[in-house]
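# The following block contains a protein sequence and its predicted model.
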Amino acid sequence: MTAVTAAPIDRTSARPVSVPTDGARHVVVLTVLGACLLLAMLVAAGIGAYPVPVGEVVGSLLDRIGLAGVVPDQTGQAVLWQIRFPRVALAAVVGASLGCGGAVMQGMFRNPLAEPGLIGVSSGAAVGAVAAILFGLSQFGSGAVALAAFAGGLAVTAVVYAISRTGGRTDVVTLVLAGIAVNAVAGAAIGLAMFVSDDAELRSITFWNLGSVGTATWSSVAVVAPVAMVGVAWSLRHVRALDLLALGERPAAHLGVDVARLRRHLVVLVAVLASSAVAVAGVVTFVGLIVPHLVRLVAGPGHRTLVPGSALGGALLLVVGDAVARTVAAPAEIPLGVLTGLIGGPFFLWLLLRARRGVGGWA
Amino acid sequence: MTAPLLRARDLTVEVGATRLLGDVDLDVRAGELVAVVGPNGAGKSTLIHALAGDVVPTRGHVEVAGRELRSWSHADLARLRAVVGQDTAIAAPFRVADVVRMGQAPLAGGDDEAVAQALADTQALHLAGRTYPSLSGGERARVALARALVQRTPLLLLDEPTAALDLRHDEAVLGLLKRRTRDGQAVVVVLHDLDAAASWADRVVVVTDGSVAFDGAPAEAFTEERLTAVYGHGVAVLEHPRSGRLLVVPDRGTPLGCIE
């Protein structure tokens, strides 16, 4: 941690005191997360039913960009480029979207318990996808289901947001309660859909509803990656305003933030990030909740580190999570959403208790 | 006389059928320390909120630096006036230094020396590395004030910045505000301590039942009759036996529960 010296003398202690800064921690946290993500992606690409050594994974990548490297055999190349790489890439992109969306959402609500799922994006996307499956839209390809999920997430977010806006302002409590109501209705709709669907549809709905990146193809990566990149970049533009918002809406306004406009941007941002992720990977719970918590523990509450850190951390978590999900019970695969929920739920409870005990409340 | 930095005319704020503020006129000029005093629920905070632009007045208008408040952009307004409200809670465990740095958000670049100076001025420099939620109420109030100071605005609107402060810090903060006005800053500050208002303020605005009962120099504003009527409790206005200045204290000899 660097320290900037300060000329004035503190009268209380009668000695010069410096004002702490966070520049070094910001760089260290993001560098370490980035390096871990890169490493995890290389390792995750190598492991599976047809293992490829990490050296050959790197070699295959180097070979593709025209550099010399130890290349795996023909089957290995096919496994890497047709199955593993798109899968790992999709896990990273989806994780980055969910992590970043969670960090933005928590800042926007001034509440570390907020999650994209909270305002109904996940369940809205689920209803969209399930409706698409039920009405036979899946015959137009998986893209149609993804698009329906995306539309569902955005539509629900818009509805919840419209309900919660009164007199030009957004009331957080109403927004959360509306989200809960929408989630309940969406849950019932999915339940009904499962009740009336045949076996094949039921399988499809269930698999989608539990979350997985197992259906990853380069085309699904190509669809969601630009959305995620734009979303994260757009989020980074708001980091300072999110910090100011932590002071409260009025103090933020006093410091020059157009709070109503900021909220509009953030709602759209969260809806886009989360529903695009859900659209290609199904409902993967807890990533948007836990990743920002973990980053905050290490990096503090400043959004300059928290937002990009949560994007990197979310990507890391899903890359590792997916590698575990497909190897721990091989040859079977545990749905990714089940795994994150299984680990995420108790972990979140532990965080809750820990934070409650800590000095100054939520940390 | 210079044009007022802050001007309110016919300022009226109603919530439903309740009138919180009625037809308030107020001018604040550069270099003035204006204390707003009055009993609980008189409309002091509502006045600050209306002057800050937090609430849209039902009627009347506020001008800042000669222009209608609403015609300024959020960013420009943040370079003209800083506000510290009564609620100084922060949602996340930011460190004190980072909280004060947030006050520089409207300005073109950060200046850590100014942050240290503001913390030293509010006698909070030793808290710089602490997390904000771990501070006491009085410490938070001083850090919140430091945050407003680094905003470097010509106008400061402060709602009870000294309510949680001990005697020493109370005096230190008011002395600091007085020095700021000497440097040309205009300060509007809500105070409950009438004696402090009498000692430090250039002008006092006595608010009661949502309107201004008196606006003028402390010596004229603070008469036993007026204060006793406004507060519904006996108030003694004396001459300080040593300094000879105004001394405003509750009259504990004759508790008057209900004054006509």
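Here it is on my side, so go on. Please read these numbers as outputs of a predicted model, since none were measured by experiment.
# Share the number of residues neighbouring A:P301, please.
A:P301: 26 surrounding residues under other CB atoms under 10 Å in any protein chain shown. Using the backbone N, CA and C atoms, a C-beta is placed for each residue, glycine as well.
# ok, now which ones touch it?
With contact taken as CB atoms under 8 Å, 6 or more residues apart in numbering or on different chains, A:P301 is in contact with A:A246, B:A92, B:P93, B:F94.
# just checking, what's the longest helix in chain B?
helix B:167-182 (DSSP state H).
# Which other helices and strands does it contact?
If you count contacts as 3 or more CB pairs under 8 Å, 6 or more residues apart in numbering or on different chains; DSSP states H and E, helix B:167-182 packs onto strand B:33-37, helix B:137-149, strand B:155-159, strand B:186-190, helix B:194-200.
# Deepest-packed of those, please.
strand B:33-37 (a mean of 27; mean count of other CB atoms under 10 Å in any protein chain shown).
# helices or strands up against that strand?
Against strand B:33-37 (3+ CB pairs under 8 Å, 6+ apart) you get helix B:44-52, helix B:167-182, strand B:186-190, helix B:194-200, strand B:203-208.
# now the angle between strand B:155-159 and the third one, please.
Using axes from the mean of the first three to the mean of the last three CA atoms, to 10 degrees, the direction of strand B:186-190 lies 10 degrees away from that of strand B:155-159.
# picking up where we left off before, which of the contacts of A:P301 has the most neighbours?
Result: B:A92 is most packed of the contacts of A:P301 (other CB under 10 Å), 29 neighbours.
# Was I right to think it contacts A:L244?
No: assessed by CB atoms under 8 Å, B:A92 is found out of contact with A:L244, at 11.4 Å.
# which intervals of the stretch 101-250 of chain A have sub-threshold pLDDT?
Residues of the stretch 101-250 of chain A that meet the criterion pLDDT under 70 lie in A:118, A:138, A:142, A:165-172, A:175.
# Those residues of it touching chain B, which are they?
For the stretch 101-250 of chain A, the residues in contact with chain B (CB under 8 Å from any CB of the partner chain) are A:R110, A:N111, A:P112, A:R240, A:D243, A:L244, A:A246, A:L247, A:G248, A:R250.
# Pick out the most distant pair among the residues you listed.
Farthest pair in these (CB to CB) is A:P112 and A:R250. Separation: 20.7 Å.
# Have a look at those two and say which one is more surrounded.
A:P112 (24 against 17).
# Thought A:R296 was touching the more buried one, still the case?
Yes: between A:P112 and A:R296 there is a contact under CB under 8 Å: 7.3 Å.
# what touches both of those two?
Residues touching both A:P112 and A:R296 by CB under 8 Å, 6+ apart: B:A92.
# Give me the residues contacting whichever helix or strand A:V57 is part of.
Using DSSP states H and E, the element containing A:V57 is helix A:54-64. Here helix A:54-64 makes contact (CB under 8 Å, 6+ apart) with A:42-43, A:45-46, A:52, A:68-72, A:76-77, A:80-81.
# Report the buried residues of that helix.
For helix A:54-64, the neighbour count (16 or more other CB atoms under 10 Å in any protein chain shown) marks A:E56, A:V57, A:G59, A:S60, A:L61, A:D63 as buried.
# end-to-end on stretch B:208-222?
14 Å (CA to CA, to the nearest Å).
# Would you indicate which residues of it are buried?
Those would be B:T208, B:G210, B:S211, B:V212, B:A213, B:F214, B:D215, B:P218, B:A221, B:F222, for stretch B:208-222 by 16+ other CB under 10 Å.
# average pLDDT across it?
Stretch B:208-222 comes out with an average pLDDT of 93.
# Touching that stretch from outside, list them.
B:19-26, B:35, B:38-39, B:42-43, B:46, B:194, B:197-199, B:201-207, B:226, B:230, B:237, B:246, B:248.
# Please list only the buried members of the residues you listed.
B:19-22, B:24, B:26, B:35, B:38-39, B:42-43, B:46, B:194, B:197-199, B:201-207, B:226, B:230, B:237, B:246, B:248.
# Please narrow the buried residues of stretch B:208-222 to those residing in helices.
Filtering the buried residues of stretch B:208-222 for helices - DSSP H - leaves B:P218, B:A221.
# ok, the buried residues of stretch B:208-222 vs chain A, which is closest?
Chain A lies nearest to B:G210 out of these, by CB to the nearest CB, at 20.6 Å.
# Name the nearest residue to B:L149, ignoring sequence neighbours.
B:A118 (4.2 Å; CB to CB, 6 or more residues apart in numbering or on different chains).
# Contact partners for that neighbour?
By CB under 8 Å, 6+ apart, the contact set of B:A118 is B:V100, B:G103, B:A146, B:R147, B:L149, B:V150.
# what helix or strand is it on?
helix B:112-121.
# how far is stretch B:104-112 from where the chain is centred?
In terms of CA atoms, centre = their mean, to the nearest Å, the centre of stretch B:104-112 is set 23 Å apart from its chain centre.
# how about the closest residue to chain B within the stretch 151-300 of chain A, secondary structure?
Per CB to the nearest CB, the residue of the stretch 151-300 of chain A with the smallest distance to chain B is A:G256, at 3.3 Å. Three-state assignment for A:G256 (DSSP: H, G, I helix; E, B strand; the rest coil): coil.
# How many residues are close by B:R101?
For B:R101, using other CB under 10 Å, the count is 23.
# what about it, which helix or strand?
Using DSSP H and E, B:R101 falls within helix B:96-102.
# Alpha carbons only: can I get that helix in CSV?
The C-alpha trace of helix B:96-102 is given here as CSV (Å, rounded to 0.1, in the frame of the first residue of the first chain):
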residue,chain,number,x,y,z
VAL,B,96,-12.3,7.6,6.1
ALA,B,97,-9.7,8.9,3.6
ASP,B,98,-11.7,7.5,0.7
VAL,B,99,-14.9,9.0,2.0
VAL,B,100,-13.3,12.4,2.1
ARG,B,101,-11.9,11.9,-1.3
MET,B,102,-15.4,11.4,-2.6
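# which residues touch it?
Helix B:96-102 is contacted from outside by A:19-22, A:243-244, A:247, A:255, A:300, A:302, B:90, B:94, B:110, B:112, B:115, B:118-119, B:124, B:127-132, B:135, B:143-144, B:146-147, B:150, using CB under 8 Å, 6+ apart.
# separation between the residue nearest to B:L149 and B:V143?
9 Å (CB to CB, to the nearest Å).
# of all of the stretch 51-200 of chain A, which residue lies closest to chain B?
Closest point on the stretch 51-200 of chain A to chain B, by CB to the nearest CB, is A:R110, at 3.9 Å.
# That residue is in contact with A:A246, isn't it?
Yes: look at A:R110 against A:A246 with CB under 8 Å: they come within range, at 6.2 Å.
# so B:R19, which of the three states?
Recorded secondary structure, B:R19: strand (three-state DSSP).
# related to what we said a few turns ago, tell me which of the buried residues of helix A:54-64 is nearest to A:L318?
Taking those together and measuring to A:L318 by CB to CB, the closest member is A:V57, at 18.3 Å.
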